[in-house]
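> Attaching a predicted model along with its sequence, questions to come.
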Amino acid sequence: EQPGRWELELEEYRRYGRQLILPEMGLQGQLRLKDAKICIVGAGGLGCPAAAYLAGAGVGTIGLVDGDTVEISNLHRQVLHSTAKVGMPKVDSVSEYITALNPNVKVITHLSHLSPTTALDTLHPYTLILDCTDSPQSRYLISDACVLLHKPLVSASALRTDGQLMILNHPALPAGNPLGGPCYRCIFPKPPPPTSVVSCGEGGVLGSVVGVMGVLQALEAIKLVVAGLQADGSSGRETRQPEASGAGVQTKAREGEGEGGPGVETPQPDAQTQCPPQPELLIFSAMASPPFRSIRLRSRRAACAACSAVASVTPESLKSGSLDYAQFCGVLDPVNLL
Amino acid sequence: EQPGRWELELEEYRRYGRQLILPEMGLQGQLRLKDAKICIVGAGGLGCPAAAYLAGAGVGTIGLVDGDTVEISNLHRQVLHSTAKVGMPKVDSVSEYITALNPNVKVITHLSHLSPTTALDTLHPYTLILDCTDSPQSRYLISDACVLLHKPLVSASALRTDGQLMILNHPALPAGNPLGGPCYRCIFPKPPPPTSVVSCGEGGVLGSVVGVMGVLQALEAIKLVVAGLQADGSSGRETRQPEASGAGVQTKAREGEGEGGPGVETPQPDAQTQCPPQPELLIFSAMASPPFRSIRLRSRRAACAACSAVASVTPESLKSGSLDYAQFCGVLDPVNLL
Amino acid sequence: SPLPVERSTILINVEFTGGLEMLFSHTRIHRISLPTVDPSTQQSATVGYLVHWLCQNLMADTRKELFVLDGRVRPGILVLINDADWELEGEEEYVLKEGDGVMFVSTLHGG
Amino acid sequence: SPLPVERSTILINVEFTGGLEMLFSHTRIHRISLPTVDPSTQQSATVGYLVHWLCQNLMADTRKELFVLDGRVRPGILVLINDADWELEGEEEYVLKEGDGVMFVSTLHGG
Ligand SMILES: [Zn+2]
Ligand SMILES: [Zn+2]
């Protein structure tokens, strides 16, 4: 970021005033959002709410990747489309919405599904990727591309009354660096058997469940951008100093014994100042109590096919088409799924 | 509900197919949504996403109560409005959106803020109320009206990077019945001192934080309606039978000792089959880890001014204007706040 | 039947989510009295034994391959021990203790 | 200074949310060594004593009335003991034990 390069217009101060005054945001955070290029892969149940809140917050450039057109069965959950837009490409429908909400946002539409041969070129210009797709093979492909391009990935999914959210490849360090965040293959080295894979079309989904997950994706993306993403995709967390009174790191376990006289121990820093970030899976079950659970995930897998020192996924193998994600996932009819 | 009275059109089967196939929904749930009348008080940061997902899901009648017009500083979080709608009443803007998304929804707009003298008449026709407002006095007024009208209330709020959600007055039993759910006054018998009250305008708010809370309000409303709300506002939970294999109630504490041979104890029923519901507060802190916490709340307060046997809040005291919510909350300038 | 030792079983809290609960009588939370000793190894019960035990004793659905494949939890299921990925705890080899919570999460792909 | 007894303090996990953290050095989670005995009563430390102690020893902000009013937690703040409304636990009279979590939640009104 070059100081002085970006300025906010008066209209932007008015529009973003309510978030600009947050200490977590500030002018620096708003300028980072304006400078950010975020790609939303999938303009459906997750992509719609994610696009709405990224556009509202003032992300400078939003990319939309989807080859589908709006169908009436989408409208219960894909709430940026409308009945009049049935038959229109989803990326065009969302693009119209974004421009009407916030004309400051530059929208780039990619009217096709991501494929192994196009993924790197398509995603290369962006700061950060949101996986809002709906099949295992697209999730492996997007994750592989993010690892190769050194981009963090905010991945969410939903089915029936459940949702899941992970931040992957963050920090987005080169393959082989164990300090980078785990990728999708680290968590799921083998794809699920195709008989176990249920799509929203087959299994159904509650619109507000997938809606919650999409809004949370936008929120996590905004937090990452505002905290600062370096040109290499790694996190610029050092730019947010811990509060003077909260600078230490608590080392004792919660269950430890107290010793000595009354007093205050060094407090835990807020989550956003911890480094490196602990990879987590957020699980949402609308019918369970409590509905939200946070799970600690593993770090990078030493033998990961994508992000380890012995990775077999390379730009060449991806571009040459030698990686067949449909076959890897056992899909018999890959058309329209990726 | 009179069987056969309501039928779905072919267009509705197509539109709602992805949620109709959920066992938690089914045709009965969809018909209950179609029959429901839900009032959203406040068409702002919470009301916008709540309206989107209630309309998408096929709620038959949606009421919108708000006296404000769209301002540019709203657009970062009130994502159903658009730049072209600046200056338009918010209820009209949201009504236009709903009709474009789902023309099956009947929208009733109330272009004014709720007042003590109008609250009962305004809210009376509805099945369920969503409090999407932004001041203590409106929260007390809406809760009092819901108690007097025997309506459950889904109440949410957000500020900065935090959000809160409660289901109040559920089941909506008459005042004095201790089995009814607590009301807002049970949880907060005294209003906060006005110097401690910070609005989104003053304190700021992240759009996606308030967005998450609004979508969750829609989800909770849908769950309540689908589970069945009786004419008297109480829950018709008995219409959803527990699974045959999960019919028992677990009575032992989690930490209890195991005795006897290997086996499976009677499992806990799913949350939606428990009766009566345990009142809970969901706390969301976008910058904390874990971000979501669920808190057990108290039951009805024996001396509650609204929902107890010794309640002083009555239809007469409300309609006569003798209850001054602005004074109760210590507001010096109540204009435009309620 | 109980082994002739003082404490023959331990209580384990088992939870299924992401659709797996449909394979287990549509019930999300189960409280299991698991034998303290795995009879096939005569060693203390591990998570690996628990998986085998659940498949034999708790799973109502006949499609066992949706939970266990080639003797192990099928790909696409995360196993969590006390709210942490089991890879952090030793995977199948983790020795269970009274009151442990084990969660099975089927990954979702919908969007 | 420590009292001349074997265990003079207990560890309490205190959390502030809903904006209250801004009054406590902008820090959400604090780990407190609280005297086991309330010197004013010579009784075991209660949540009521903790509130007083926090106000005296931890609160950096001078606007004490935003946390305590008339000697009690101000209206609009929920107090939660181990994730339950303190009204379920006896309110101020609850006697704290080692490792308890006490959370102060300022109610929000924005929308
Ligand atoms: Zn990896
Ligand atoms: Zn009450």
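Looks like it came in fine. Given the structure is predicted, the values throughout are model-derived calculations rather than measurements. Ligands and ions are numbered 1, 2, ... in the order given.
> Quick check: A:Thr118 touching A:Ser112?
Yes: A:Thr118 is within contact range of A:Ser112, at 7.4 Å (criterion: CB atoms under 8 Å). For every residue, glycine as well, the C-beta is placed using N, CA and C.
> Kindly provide the distance from A:Val198 to chain D.
For A:Val198, the distance to chain D equals 34 Å [CB to the nearest CB, to the nearest Å].
> what's the span of stretch A:184-203, first residue to last?
This stretch, stretch A:184-203, spans 23 Å end to end (CA to CA, to the nearest Å).
> how far out from the middle of the chain is it?
Relative to its chain's centre, stretch A:184-203 lies at 18 Å (CA atoms, centre = their mean, to the nearest Å).
> Contacts (any at all) between chain B and that stretch?
Yes: looking at stretch A:184-203 against chain B by CB under 8 Å from any CB of the partner chain, the contacts come from A:Cys200, A:Gly201, A:Gly203.
> Give me the buried positions along that stretch.
By neighbour count on 16 or more other CB atoms under 10 Å in any protein chain shown, the buried set for stretch A:184-203 is A:184-188, A:191-192, A:196-200, A:203.
> Repeat that for stretch C:90-105.
So, applying 16+ other CB under 10 Å, buried residues of stretch C:90-105: C:Glu91, C:Glu92, C:Tyr94, C:Leu96, C:Asp100, C:Val102, C:Met103, C:Phe104, C:Val105.
> next one: stretch C:49-61
Applying a neighbour-count criterion of 16+ other CB under 10 Å, one finds C:Tyr49, C:Leu50, C:Val51, C:His52, C:Trp53, C:Leu54, C:Leu58, C:Met59 buried in stretch C:49-61.
> Keep only those of these that are in helices.
Among the buried residues of stretch C:49-61, the ones falling in helices (DSSP state H) are C:Tyr49, C:Leu50, C:Val51, C:His52, C:Trp53, C:Leu54.
> Identify the residues contacting residue 107.
Going with chain A. By CB atoms under 8 Å, 6 or more residues apart in numbering or on different chains, A:Val107 lies in contact with A:Thr61, A:Ile62, A:Gly63, A:Leu64, A:Val94, A:Ser95, A:Ile98, A:Thr99.
> that's the wrong chain, I meant chain C
By CB under 8 Å, 6+ apart, C:Thr107 lies in contact with A:Ser157, A:Gln164, A:Phe188, A:Pro192, C:Gly18, C:Gly76, C:Ile77, C:Leu78.
> give me that answer again for 7 Å
Residues near C:Thr107 by CB atoms under 7 Å, 6 or more residues apart in numbering or on different chains: A:Gln164, A:Phe188, A:Pro192, C:Gly18, C:Gly76, C:Leu78.
> Name the SS class of the first one, please.
For A:Gln164, the secondary structure call by DSSP: H, G, I helix; E, B strand; the rest coil comes out as strand.
> Using PDB, list the CA coordinates for whichever strand or helix holds A:Ile222.
Element membership for A:Ile222, per DSSP states H and E: helix A:207-227. What follows is helix A:207-227, C-alpha atoms only, in PDB (Å, rounded to 0.1, in the frame of the first residue of the first chain):
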ATOM      1  CA  GLY A 207     -32.300 -20.800   2.800                       C
ATOM      2  CA  SER A 208     -31.500 -19.000   6.000                       C
ATOM      3  CA  VAL A 209     -29.000 -21.700   6.900                       C
ATOM      4  CA  VAL A 210     -26.900 -21.300   3.800                       C
ATOM      5  CA  GLY A 211     -27.600 -17.500   4.200                       C
ATOM      6  CA  VAL A 212     -25.900 -17.400   7.600                       C
ATOM      7  CA  MET A 213     -22.900 -19.200   6.200                       C
ATOM      8  CA  GLY A 214     -22.600 -16.800   3.200                       C
ATOM      9  CA  VAL A 215     -22.700 -13.700   5.400                       C
ATOM     10  CA  LEU A 216     -20.100 -15.300   7.700                       C
ATOM     11  CA  GLN A 217     -17.900 -15.800   4.600                       C
ATOM     12  CA  ALA A 218     -18.100 -12.100   3.800                       C
ATOM     13  CA  LEU A 219     -17.300 -11.300   7.400                       C
ATOM     14  CA  GLU A 220     -14.200 -13.500   7.500                       C
ATOM     15  CA  ALA A 221     -13.000 -12.100   4.200                       C
ATOM     16  CA  ILE A 222     -13.500  -8.500   5.500                       C
ATOM     17  CA  LYS A 223     -11.600  -9.400   8.700                       C
ATOM     18  CA  LEU A 224      -8.700 -10.900   6.600                       C
ATOM     19  CA  VAL A 225      -8.500  -7.900   4.300                       C
ATOM     20  CA  VAL A 226      -8.700  -5.300   7.100                       C
ATOM     21  CA  ALA A 227      -6.000  -7.100   9.100                       C
END
